[in-house]
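Asker: Would you be able to build a 3D model of this:
(one chain, ligands or ions: 1)
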Amino acid sequence: MERKDQKKLQIAMFPWLAYGHLMPFLEVSKFLAQKGHQISFISTPKNINRLRSSSFSPLIDFVELPLPAVDGLPESVESTSELPINKVPYLKKAYDLLKPSVTHFIQHSGVNWVVHDFICYWMPRVATQLGVNSVYFNITNATTLAFFGPPSELLGDKRKRQEDFTVVPEWVDYPSNVAFKLHEMVSHWDCMDEVSDFQRLSGAIQDCNFVTMRSCTEFESDAVSLLRKIYGKPVVPLGLLPLGSATHQHGVADDRGDEKWEVLREWLENKKPNSVVYIALGTEVTLSQELMHELARGIEKSGLPFIWVVNNRPLVEGVLGSDIIPFGFQTQVEDRGLVLRGWAPQLKILGHPSVGGFLTHCGWSSVVEALGFGRALILFSGANADQGLISRLMHQKRVGLEIPRDEQDGSFTSDSVAEVTRRVMVEKEGESIRSNAWAMKEIFGNLELNNTCLDEFTRVLETWPTSS
Ligand SMILES: O=c1ccn([C@@H]2O[C@H](COP(=O)(O)OP(=O)(O)O[C@H]3O[C@H](CO)[C@@H](O)[C@H](O)[C@H]3O)[C@@H](O)[C@H]2O)c(=O)[nH]1
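Answerer: You can find the predicted model right below:
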């Protein structure tokens, strides 16, 4: 753990205002605090209020900066999970307006390092001007970054149209089919403001001291090596942050939904090992009512036992709460399925031996959690950010199969949902997928391996020359 001779650092963490970003930043903060470093975790009051309970280290200081008001951003909204995708640009604007208050904090708090996200593309320059080092923490994997390429390509002229992102870029020097589908890119375009995500990512990479990400070379050495080459600066993966790693020893990352666990556990206890499909679409994906109904029909047609987390976010235009799934669906399937409303204890569900597979939107945290338990993946990518790329990557790694969707509009059929789900879960031809996913536990669930990555990341912070 903490070494006597070690230099104590003061590290500011500044994640984007999204659950999938806040949590990995908090996990890394806990690890660094265990190593004796002082953490200033900077975010907005509502987000901090939610996180505070899951961190007990006195070395983590939560710094609350009120989110400036922006026309178009509903009052009291402070994270992407409270917004439909087309309103996310307003949140990005408000986040950018935090620049003066974050700068003021960094200037007056004795911080040595800033660990930042890509949305705050201005942060590494601010840090440099203040004589502080910065590291860009990409909360997803190296393959995604490799697809987007170096700053020169992110800002270049080669990829101006949405179609340009549907092909594997020429600089990818290993076999890959990782690229967006057109409908994913169309949807992603909706969540960009006048500063595009490409400009943001480019600024984050170009001006930081080094780049880290939630991954490890054991999983994707080809992409990590490529990044080292194309960025021309150190790339130090910090591991997959699996459950039970050093970061989790003070309690699970999030205990919301735990009150549902006893009933769920009892239900799962009565099912055969590996028989249940867990279905959940993360914190940001919103499907239209039509697509939710198609998904419901597919789940029903699969004939398999399931737990389906139905997100009650009142965000689909004109549809609220229980209308989002077909009327009477719950009663029709009650002999073999459970519909969960609101926040689910996802980690506990995935960890139960009766769960064999996960129909997922391909958020990176969900994928990491599932493979940490060796669960096979039914890949139903959402259209946000990296999810399409993650879906392709996991399909290519043969730890899951993608549900086919129309390239143009993302539509899909209930038959294909049922067919792919059955293939991954029970059919003979899915056997290799199931055994590959099970084998991935050796990487995704390997505490020793992942703590070694975190140690190496910490060592780089500790030994980096001080900025002048
Ligand atoms: O009812 C719920 C819903 C979610 N979770 C947890 O919330 C996290 C969800 O993270 P993730 O699967 O990554 O989904 P999102 O938050 O929807 O995804 C955002 O963040 C990801 C990085 O984590 C990116 O890969 C995605 O593109 C981005 O949309 C996971 O830890 C889940 O265990 C629960 O415990 N219960």
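Asker: Could you use CA atoms for every contact and neighbour count after this?
Answerer: OK.
Asker: residues from the stretch 151-300 of the chain in reach of the ligand?
Answerer: 282, 283, 284 (C-alpha under 6 Å from any ligand atom).
Asker: which one in these is the model shakiest on?
Answerer: Of all those, residue 284 carries the smallest pLDDT score, 80.
Asker: For residue 465, see how far away it is.
Answerer: Note on residue 284: its distance to residue 465, by C-alpha to C-alpha, to the nearest Å, is 39 Å.
Asker: So for those two, which residue has more residues nearby?
Answerer: Set residue 284 next to residue 465 and count neighbours by other C-alpha atoms under 10 Å: residue 284 wins out with 24 against 9.
Asker: shouldn't that one be in contact with residue 80?
Answerer: Yes - when contacts are counted by C-alpha atoms under 8 Å, residue 284 is listed as touching residue 80 (6.7 Å).
Asker: Could you check how far residue 111 is from residue 135?
Answerer: To residue 135, residue 111 is 13 Å away according to C-alpha to C-alpha.
Asker: Please say which of the two ends up with more neighbours.
Answerer: When residue 111 and residue 135 are compared for neighbours, residue 135 comes out ahead with 25 against 21, by other C-alpha under 10 Å.
Asker: so how far is residue 384 from residue 286?
Answerer: From residue 286 to residue 384 the distance is 10 Å (C-alpha to C-alpha).
Asker: for residue 29, same thing?
Answerer: From residue 29 to residue 384 the distance is 26 Å (C-alpha to C-alpha).
Asker: The two - which one has more neighbours?
Answerer: It is residue 29, of residue 29 and residue 384, that has more neighbours when counted by other C-alpha under 10 Å, with 26 against 23.
Asker: Does the more buried one lie in a helix or a strand, and which?
Answerer: Residue 29 belongs to helix 19-34 when elements are defined using DSSP states H and E.
Asker: Can you name the next helix or strand after that helix?
Answerer: Helix 19-34 is succeeded, C-terminally, by strand 38-43 (DSSP H and E).
Asker: same for that next one, what does it pack against?
Answerer: Under the contact definition 3 or more C-alpha pairs under 8 Å, 6 or more residues apart in numbering; DSSP states H and E, strand 38-43 sits against strand 10-14, helix 19-34, strand 60-64.
Asker: Nearest approach to the ligand belongs to which of those?
Answerer: For the helices and strands packed on strand 38-43, the distance to the ligand is smallest for helix 19-34, at 3.5 Å, taking C-alpha to the nearest ligand atom.
Asker: check whether that closest one contacts the ligand.
Answerer: Yes - contact of helix 19-34 with the ligand (C-alpha under 6 Å from any ligand atom) involves 19, 20, 21.
Asker: For those residues, which single residue is the most surrounded?
Answerer: The residue in the residues of helix 19-34 next to the ligand with the most neighbours, by other C-alpha under 10 Å, is residue 20 (21 neighbours).
Asker: sec struct for the residue lying closest to residue 7 once chain neighbours are set aside, please.
Answerer: Nearest non-adjacent residue to residue 7, counting by C-alpha to C-alpha, 6 or more residues apart in numbering: residue 462, 6.7 Å away. Of the three states, residue 462 takes helix under DSSP: H, G, I helix; E, B strand; the rest coil.
Asker: re earlier: include secondary structure when you put the residues of the stretch 151-300 of the chain next to the ligand into CSV, please.
Answerer: As requested, these are arranged in CSV below (three-state DSSP):
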residue, secondary structure
282, coil
283, coil
284, coil
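Asker: List the contacts of residue 148.
Answerer: Counting by C-alpha atoms under 8 Å, 6 or more residues apart in numbering, residue 148 touches 154, 198.
Asker: Let me know the distance separating it from the ligand.
Answerer: 14 Å (C-alpha to the nearest ligand atom, to the nearest Å).
Asker: can you check residue 15 too?
Answerer: Note on residue 15: its distance to the ligand, by C-alpha to the nearest ligand atom, is 12 Å.
Asker: and what of residue 129?
Answerer: Using C-alpha to the nearest ligand atom, residue 129 is found at 30 Å from the ligand.
Asker: show me what contacts that residue?
Answerer: Residue 129 sits next to no residue when contact means C-alpha under 8 Å, 6+ apart.
Asker: Find the residue at the geometric middle of this structure.
Answerer: Centroid-nearest residue in the chain: residue 364, 3.8 Å away (criterion: C-alpha atoms, centre = their mean).
Asker: Angles on the backbone of the residue nearest to that one when sequence neighbours are not counted, please.
Answerer: Leaving out its chain neighbours, the residue that sits closest to residue 364 by C-alpha to C-alpha, 6+ apart is residue 140, at 5.9 Å. Per-residue torsions, residue 140: phi -110, psi -160 (degrees, to the nearest 10).
Asker: Kindly reformat the helices and strands packed on strand 38-43 as a markdown table containing mean pLDDT and distance to residue 357.
Answerer: Shown next, in a markdown table, are these (pLDDT from 0 to 100; distance: least, C-alpha to C-alpha, whole Å):
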| stretch | mean pLDDT | distance to residue 357 |
| --- | --- | --- |
| strand 10-14 | 98 | 34 |
| helix 19-34 | 93 | 21 |
| strand 60-64 | 95 | 36 |
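Asker: out of these, nearest to residue 259?
Answerer: helix 19-34 (20.5 Å; C-alpha to C-alpha).
Asker: Buried residues, that closest one. List them.
Answerer: For helix 19-34, a neighbour-count test (16 or more other C-alpha atoms under 10 Å) marks 19-34 as buried.
Asker: before we move on, back to that, and the angle from the helix holding residue 29 to strand 10-14?
Answerer: Helix 19-34 runs at 170 degrees relative to strand 10-14, counting by axes from the mean of the first three to the mean of the last three C-alpha atoms, to 10 degrees.
Asker: CA atoms only: put helix 19-34 into PDB for me.
Answerer: C-alpha atoms of helix 19-34 as PDB (Å, rounded to 0.1, in the frame of the first residue of the first chain):
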ATOM      1  CA  TYR A  19     -22.800   8.500 -14.500                       C
ATOM      2  CA  GLY A  20     -20.600   6.400 -16.700                       C
ATOM      3  CA  HIS A  21     -17.800   8.900 -16.300                       C
ATOM      4  CA  LEU A  22     -18.300  10.000 -12.600                       C
ATOM      5  CA  MET A  23     -18.100   6.400 -11.300                       C
ATOM      6  CA  PRO A  24     -14.800   5.300 -12.900                       C
ATOM      7  CA  PHE A  25     -13.300   8.600 -11.900                       C
ATOM      8  CA  LEU A  26     -14.400   8.000  -8.300                       C
ATOM      9  CA  GLU A  27     -13.000   4.400  -8.400                       C
ATOM     10  CA  VAL A  28      -9.600   5.700  -9.500                       C
ATOM     11  CA  SER A  29      -9.800   8.400  -6.800                       C
ATOM     12  CA  LYS A  30     -10.400   5.800  -4.100                       C
ATOM     13  CA  PHE A  31      -7.400   3.900  -5.300                       C
ATOM     14  CA  LEU A  32      -5.100   6.900  -5.400                       C
ATOM     15  CA  ALA A  33      -6.400   7.900  -1.900                       C
ATOM     16  CA  GLN A  34      -5.500   4.500  -0.600                       C
END
